[in-house]
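1. got a structure for you, letters missing:
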């Protein structure tokens, strides 16, 4: 089992940058593939980005490709989401999630991860 805690959310102006972090408990962090999702009240949870356990494969939603970067430091049990060129439509609660099954972008985009953090609010002002 793994526990996840996000941090780094806050208020940023449009065009600005923010880096989210997700710290994981446990000794086998490198065996988990990690995803970032976001949700706005009244809307479905949306895939943002994912990275395999080794960090060798990354995947992004079209809406953030070229602006956001996912990365991980397995020595620190932490996954990051660097948000650049932020837009007001990026405003949401961002949550990280972990799974240990297929390291395939198709599965990493699905929201049926077994482990989730509580989320961190990101607000982008216009």
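-> Perfect, I can see it now. Fair warning: this is a prediction, and the values are worked out from it, not measured in the lab.
2. list the contacts for the residue nearest the centre of the chain?
-> The centre of the chain sits closest to residue 36, judged by CA atoms, centre = their mean, with a distance of 2.1 Å. By CB atoms under 8 Å, 6 or more residues apart in numbering, residue 36 lies in contact with 20, 22, 48-50, 70, 79, 81, 94-97. From N, CA and C alone the C-beta is placed, and that goes for glycine too.
3. Return the subset of those residues lying in strands.
-> 20, 22, 48-50, 70, 79, 81, 94-97 (DSSP state E).
4. Which member of these is positioned nearest residue 126?
-> Ranked by distance to residue 126 (CB to CB), the ones in strands among the contacts of residue 36 are led by residue 94 at 18.8 Å.
5. Could you verify my assumption that the closest one touches residue 45?
-> No: the criterion here is CB atoms under 8 Å, and residue 94 misses it with residue 45 at 10.5 Å.
6. Between these two, tell me which one has more neighbours.
-> More neighbours surround residue 94 than the other of residue 94 and residue 45, with 24 against 15 (other CB atoms under 10 Å).
7. Buried residues, stretch 104-115. List them.
-> With burial defined by 16 or more other CB atoms under 10 Å, the residues of stretch 104-115 counted as buried are 108-109, 113, 115.
8. Please identify which of the ones in strands among the contacts of residue 36 is nearest to residue 5.
-> Using CB to CB, residue 22 comes nearest to residue 5 of the ones in strands among the contacts of residue 36, at 7.1 Å.
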